[in-house]
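Novice: sharing a model that was predicted from the sequence below.
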There are 2 protein chains.
Amino acid sequence: MKNIALTFTMVFAFFISKAEEFKSPNQKFKLVFELNERGRPTYQLTMDDATIVKTSKMGLELKDTESLLEGFTVKSVNQSTFDETWEPIWGEQKEVRNHYNEMEVLLSQPKTNREMIIRFRLFDDGLGFRYEFPEQDNLIYFVIKEERTEFAMTDNHTAFWIPGDFDTQEYSYTKSRLTEISSLFDEAYTGNASQTSFSKTGVQTSLQLKTDDGIYINLHEASLMEYPAMHLNLDDKTLIFESFLTPDALGDKGYMHAPRVTPWRTVIASKNAGDILLSSITLNLNEPCAYENTDWIKPVKYIGVWWEMITGMSDWAYTQLPAVQLGKIDYSQLERNPKHAANTTRVKEYIDFASEHGFDAVLVEGWNEGWEDWIGKSKDYVFDFLTPYPDFSVEEVRDYAKSKGVEMMMHHETSGSVRNYERHLDKAYQFMKDNGYNSVKTGYVGNIIPRGETHYGQWMVNHYQYALEKAAEYEIMINAHEAVRPTGLSRTYPNLIGNESARGTEYEAFVGSNPDHTTILPFTRLIGGPMDYTPGIFQTDINKVNPERNTYVRTTLARQLALYVTMYSPLQMAADVPENYEQHLDAFQFIKDVALDWDKTLVLEAEPGDYITYARKEKGSTNWFVGRTNDEEARDSNIRFDFLPKGKTYIATVYSDAKDAHFRDNPQAYQIKKFVVNSKSKLNQYCAPGGGYAISIKETQNKADTKGLKRL
Amino acid sequence: MKNIALTFTMVFAFFISKAEEFKSPNQKFKLVFELNERGRPTYQLTMDDATIVKTSKMGLELKDTESLLEGFTVKSVNQSTFDETWEPIWGEQKEVRNHYNEMEVLLSQPKTNREMIIRFRLFDDGLGFRYEFPEQDNLIYFVIKEERTEFAMTDNHTAFWIPGDFDTQEYSYTKSRLTEISSLFDEAYTGNASQTSFSKTGVQTSLQLKTDDGIYINLHEASLMEYPAMHLNLDDKTLIFESFLTPDALGDKGYMHAPRVTPWRTVIASKNAGDILLSSITLNLNEPCAYENTDWIKPVKYIGVWWEMITGMSDWAYTQLPAVQLGKIDYSQLERNPKHAANTTRVKEYIDFASEHGFDAVLVEGWNEGWEDWIGKSKDYVFDFLTPYPDFSVEEVRDYAKSKGVEMMMHHETSGSVRNYERHLDKAYQFMKDNGYNSVKTGYVGNIIPRGETHYGQWMVNHYQYALEKAAEYEIMINAHEAVRPTGLSRTYPNLIGNESARGTEYEAFVGSNPDHTTILPFTRLIGGPMDYTPGIFQTDINKVNPERNTYVRTTLARQLALYVTMYSPLQMAADVPENYEQHLDAFQFIKDVALDWDKTLVLEAEPGDYITYARKEKGSTNWFVGRTNDEEARDSNIRFDFLPKGKTYIATVYSDAKDAHFRDNPQAYQIKKFVVNSKSKLNQYCAPGGGYAISIKETQNKADTKGLKRL
């Protein structure tokens, strides 16, 4: 599985402080490390002749002890190179090359007799670095007051940002100059069930930037474990971002125990926007897979009893009581809410639909006792994750799904009450195994209990990891919503098949999202890992589903298909209700056909905030799929099919916007056309405002198939 | 088991606000309830002609909503009476009479359309009352900012107090006037591994007071569940105590969900100090036993690998590393600390000793990996509760103990890292069952994790209860150290066989405790339930055990015997090392003989801070035991044996201080004498400074036994 080409070729050691530099394997990136006059570590990153990060200070401020900021000397510098190719369990590429040059700077702080390592890795598309605290006598247990890592920008770049927040990333993106962030902050800071901002110039990572010279820069982190999530706080006078860690209940930033390392801080840069999307830096900075056996981890295409509650057409709760005390209430004696969707009869309809159309799994939300008062009450014992409502028969559903060849997907909403969840975790997982559920969608809606902790602090980062590794013991896959945004951990723990951690499709049913949202997410949220974006909404007018609500999904139907290609995930939901798919089975065919796992991924066109076009080859197949997502403007897409092998003939089925399509007024105007294509084909395709297109490309060796079809 | 004589005899209802009063069954206590001019509830308590609590305000301040303080009207008042006799699983009496009159005041707050009940119960020896929040539309979820219950004192009483603290009760008591508390506070606030004070006039309950008229008043609480522990904060100008609840990490005092009740607030009062000690109010205000089967709950007399570490003679840790990462360290490759006591060989010596002398169990501390850096590091993953050090064979010890007819007592030190403990709880309990451990001593040394929570807040109260009820599922008994002080919960959950929650004998080895300490504890800490005080120290000069330490236990050897009678507990340790008992096997005989469970308990003499003499009849036997604990002054004790049944003959073995005994200079000067006694006997017994005596009294029908013995 691994192919290590060469390792540790060069070793140098220095004992005096001077600038140290090294370059990426392709010589494109250069990193200069230097201690400043106060003995503080600094770094500078250039790409060819352009400065990406100006000289930026590094280090950590500690609590109740001398900080790891200044007074350092360089004890040694070791350079090495590494090149391996590894195969992910699932992913956008069959093989990932992990090729970097590394510089390990061992610093000593004579005043405290401590040592700290800063490890830099230069890849062909950017930088990763982290702090390491080796085992030593004078630095064992310590508390971080703040990490003081700077990212000094060269100019007033354009940024695609969401507000810095310890509890949510469910915001629409704002595109602005860096100096405009503070004045636009309040407008960007829209409501959420749980949110905690810290600064009017605080933003979250992954942060996508663009310079006036056309360089795309992405700042994020990799391998976030046993540490709080990093935000960035901008000094909009100096244009320097500084790390701002998520605090705990006491305002502390991290409890450390050496030997320990921080997560990697990453800077990806390119003049080509598509290179940002294709970068493997985040994955490569994570450790190899931790599990021996991964046979149980598989991509999942699913439907679920969900959108009908999101739209308000149905309810999660079985009754309409204002509050319940679990275990002290006999639901069977209460009047059933007729809108309760998670009942055996309705679930069987979903199972039938999933079976008929080849879906792997069916999610059911609202199956278990406690939905009457689950949100916003800071309720400790909110769910037991075991006890179904009277109208949901776990056994009957289990047996019926099994007979239909469909898996059930469990739902564990924690309501942020994490102690309660952990207390039930083993039993809840065992219950899943006993009843044929091999994956779980988890939710962390609302403020965290223990109170004072937040979604992105060290406490919760520890929890998500705990749940993930324990799930692996039960061979369960996790799709965690409201959890901390991913940082490539799925390389190591590939049962993390999904995350939300951004503003998903559900917001379209609540209040709407910007039409360009899906042209930005791949540059930001998806840098860290796949998102359970829940696309596939065919009836975008929520009023048609729920007459009491007048929201709408800012998309054409064709773009909903494209998202299965542009929003990479091994877990994909067809989120609309079966009845809406029945109206458009021709378009639905694309969702049925589209792959979940890939041999190869290409970016054909990309500009954050405007459009993205991907082409992907299905894993272990000759099929290709193309997807294009468009912002609110009408645009033409021009692509070549030169990614196809020469000499082969394919049939391309193009699902596109009709000429009069529009995300607001005419979203369901789509057309489906078939063409014959080969490696020389080109396509000029119109994309409506809020539109896009999807193409499935299947090889044919039968001339009859191509008969009467136009060639592109 | 229950004998309900009469219930609910009188029911009245009123709809206007006026003073409401009722009396205790014996007419001794009178409670007057009244709404003041602002509609705030108040109460007043009198005993015969004396006022015990002056008119005191009641109610709760809420967060972010109208408080439950003022604007109340009385909707109804219901009076009733209750009389039952119940049998505790273990206790000081075979039968407990629960006899009270009750007044339920249903209040309505018209402005908010809310209701609250205040339920008062008058027993023949005092008062209990609590707040109740019935199920209603306008008060479901709420957060308590502060409970505002006053206890208005009539005068500048003498108090036996320890500093109010959210994390520890391990203080020596200060005896002072109420107005002197603030000036004595700093001196009283001695160091602890975790401590958080809140006010210079803040004190803890149970609080023992004495008026200048010779009335003893005790303030405490009963049935503390799902609520923070109550402290008292004194206004030393008005001499009013007000409740001060333990806050959570956010400073809030309690998250509530109606229907819910608060713990009971208790006021016990008598002109006879012994009545305070014998009051059953605290137990009676708890619910009956929650368990169907209690066969597995039994009193335990034990020894343990413990005092040798407390004195510094041995160590808990296997190695001398400054820090370890559990699971990443191979202890078998490390040099063993020769002072590591919890090794199979040494433990077998304890098992031999326990078996030879008829002890039920052997505790072993320091058996599991992690003791190198367990304290004061805020270490999250500090123990796994499963993995022994290489020199401790769980299997060998298990088999050896079984062959010797001795139970093993498990030790779970959590280091305050409670999430970690809960994560391992099921496996740790199962491990106990698999290896023959039926009881566990738990420890919560140091600051709590989740950080910001404290030992006595709602979060931790919930945890202790969770661990207790889960232990019952495994039929495990718990002896929780550093946990919240007990409030009679052992009536409901009798597997809570012990608690520390006060300054135990260990402090004698650290820095010493006041010689009068054990003359106060029964009036304070023991009001809520038994304490694992760990008496039985025969070698009181710590320097003889550990030459590097010069502390000493402020007691005579004879008093150490007395404590098995005066410090009631169904769990009693003989805390000294076997080698020290071997030197005094004649005195040790009392520890072997003394009972743990009682048919009847009497107080023969008592004055807090000076002396206490108990007589107790062993459960299901004719044996009696007498114990006397003395303060630092030499005193004579005068007791009558009229508690013995008439016409029977007994042999009394008196273990007393020699004339020249002294807690500091001559602690081991004791004498053992046998006498013939009957119900007409009297004893005048000298007690040395820091001394006391113990008597075992056994019936005899054989004249030969009494031959040559003096009659008392």
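Specialist: Everything's here; your move. All figures in this text were calculated on a predicted structure; none of them were measured in a lab.
Novice: if I look at A:Lys260, how far off is chain B?
Specialist: For residue A:260 the amino acid is Arg, not Lys. Distance of A:Arg260 to chain B, computed by CB to the nearest CB, to the nearest Å: 9 Å. Heads up, the C-betas are built off the backbone N, CA and C, glycines and all.
Novice: and the residue lying closest to that residue once chain neighbours are set aside, how far is that from chain B?
Specialist: Nearest residue to A:Arg260, sequence neighbours excluded (CB to CB, 6 or more residues apart in numbering or on different chains): A:Phe133, at 5.2 Å. Applying CB to the nearest CB, the value for A:Phe133 to chain B is 12 Å.
Novice: and A:Phe133, how many residues sit next to it?
Specialist: 21 (other CB atoms under 10 Å in any protein chain shown).
Novice: try the one 10 residues further on
Specialist: By the other CB under 10 Å criterion, the neighbourhood of A:Val143 contains 17 residues.
Novice: contacts only, for it.
Specialist: Contact partners of A:Val143, counting by CB atoms under 8 Å, 6 or more residues apart in numbering or on different chains, are A:Leu62, A:Lys63, A:Asp64, A:Asp252, A:Lys253, A:Gly254, A:Tyr255, A:Met256, B:Ser378.
Novice: just the pLDDT for it.
Specialist: Predicted confidence (pLDDT) for A:Val143: 98.
Novice: average pLDDT for stretch A:222-236?
Specialist: 98.
Novice: does it come close to chain B?
Specialist: No. Stretch A:222-236 does not reach chain B (CB under 8 Å from any CB of the partner chain); its nearest approach is 8.7 Å.
Novice: what residues does chain A have near chain B?
Specialist: So chain A meets chain B at A:137, A:140-141, A:143, A:248-250, A:252, A:255, A:257-259, A:322-323, A:325, A:373, A:377-380, A:419, A:422-423, A:426, A:450-453, A:459, A:462, A:466 (CB under 8 Å from any CB).
Novice: in PyMOL, select just the buried ones from those.
Specialist: The following PyMOL line selects those of those that are buried, judged by 16 or more other CB atoms under 10 Å in any protein chain shown:
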select buried, chain A and resi 140+141+143+248+249+252+255+257+258+323+373+377+378+379+380+419+422+423+450+451+452+453+459+462
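Novice: taking the residues of chain A next to chain B one by one, which sit in strands?
Specialist: A:Tyr141, A:Val143, A:Tyr255, A:His257 (DSSP state E).
Novice: list the contacts of the first one.
Specialist: With contact taken as CB under 8 Å, 6+ apart, A:Tyr141 is in contact with A:Tyr255, A:Met256, A:His257, A:Ala258, B:Ala323, B:Asp373, B:Lys377, B:Ser378, B:Lys379.
Novice: one more: the third one?
Specialist: Contact partners of A:Tyr255, counting by CB under 8 Å, 6+ apart, are A:Tyr141, A:Val143, A:Ile144, A:Asp248, A:Gln458, B:Ser378, B:Asp380, B:Arg451.
Novice: from A:Asp248, how far out is it?
Specialist: Using CB to CB, to the nearest Å, we find A:Tyr255 at a distance of 8 Å from A:Asp248.
Novice: tell me the domain ranges of chain A?
Specialist: A:10-284, A:298-498, A:502-570+A:595-712 (automatic domain parsing).
Novice: so which of these comes closest to B:Gln589?
Specialist: domain A:298-498 (46.9 Å; CB to CB).
Novice: quick one: end-to-end length of that closest one, please.
Specialist: Start-to-end span of domain A:298-498 (CA to CA, to the nearest Å) is 12 Å.
Novice: the closest residue to A:Glu365 other than its chain neighbours is in what secondary structure piece?
Specialist: Of all residues not flanking A:Glu365 in the chain, A:His411 sits nearest, at 4.7 Å (CB to CB, 6+ apart). A:His411 belongs to strand A:407-413 when elements are defined using DSSP states H and E.
Novice: same question, A:Ile181
Specialist: With DSSP H and E as the test, A:Ile181 turns up in helix A:181-188.
Novice: shaky segments in the stretch 101-250 of chain A?
Specialist: For the stretch 101-250 of chain A, no stretch has pLDDT under 70.
Novice: A helix includes A:Ile217, no?
Specialist: No. According to DSSP: H, G, I helix; E, B strand; the rest coil, A:Ile217 belongs to no helix; its state is strand.
Novice: now do the contacts for it.
Specialist: Neighbours of A:Ile217 in contact, by CB under 8 Å, 6+ apart: A:Ile52, A:His157, A:Gln208, A:Leu209, A:Lys210, A:Thr211, A:Val267, A:Ile268, A:Ala269.
Novice: 7 Å instead, please
Specialist: A:Ile52, A:Leu209, A:Thr211, A:Val267, A:Ala269 (CB atoms under 7 Å, 6 or more residues apart in numbering or on different chains).
Novice: any idea what it is bridged to?
Specialist: In this entry, A:Ile217 is beta-bridged to A:Leu209, A:Ala269, by DSSP bridges.
Novice: likewise A:Phe129?
Specialist: Here A:Phe129, judged by DSSP bridges, has bridge partners A:Phe120, A:Arg265.
Novice: I'd assumed A:Phe123 was in contact with it.
Specialist: No. Using CB atoms under 7 Å, A:Phe129 makes no contact with A:Phe123, being 11.6 Å away.
Novice: separation between A:Glu335 and A:Asp391?
Specialist: 12 Å.
Novice: any idea of the pLDDT on the residue nearest to A:Glu365?
Specialist: Taking A:His411 on its own, its pLDDT is 98.
Novice: again, but for A:Asn702
Specialist: For A:Asn702, the model assigns a pLDDT of 88.
Novice: now do A:Asn3
Specialist: At A:Asn3, pLDDT is 46.
Novice: against which helices or strands is the helix holding A:Ile181 packed?
Specialist: strand A:174-177 (3 or more CB pairs under 7 Å, 6 or more residues apart in numbering or on different chains; DSSP states H and E).
Novice: which residues sit against the strand it packs on?
Specialist: By CB under 7 Å, 6+ apart, strand A:174-177 touches A:Asn156, A:Thr158, A:Ala159, A:Phe160, A:Trp161, A:Leu184, A:Ala188, A:Gly609.
Novice: before we move on, the earlier item: make a markdown table out of the contacts of A:Ile217 and add neighbour count.
Specialist: Shown next, in a markdown table, are the contacts of A:Ile217 (neighbours: other CB atoms under 10 Å in any protein chain shown):
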| residue | neighbour count |
| --- | --- |
| A:Ile52 | 25 |
| A:Leu209 | 24 |
| A:Thr211 | 19 |
| A:Val267 | 24 |
| A:Ala269 | 26 |
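Novice: contact partners of the strand holding A:His411?
Specialist: A:302, A:304, A:360-365, A:367, A:374, A:383, A:385, A:397-398, A:401, A:428, A:432, A:436-443, A:445.
Novice: out of the contacts of A:Tyr255, the closest to B:Leu45 would be?
Specialist: B:Arg451 (40.4 Å).
Novice: quick check: closest non-adjacent residue to the closest one.
Specialist: A:Leu250 (5.2 Å).
Novice: now, which of the ones in strands among the residues of chain A next to chain B sits nearest A:Pro578?
Specialist: Proximity of these to A:Pro578, judged by CB to CB, is greatest for A:Tyr255, which lies at 48.5 Å.
Novice: show me what that closest one is bridged to.
Specialist: A:Val143.
Novice: pLDDT of the helix or strand A:Ala652 falls within, averaged?
Specialist: Per DSSP H and E, A:Ala652 falls inside strand A:650-657. The pLDDT scores in strand A:650-657 average 98.
Novice: same deal with stretch A:51-58?
Specialist: Stretch A:51-58 comes out at a mean pLDDT of 98.
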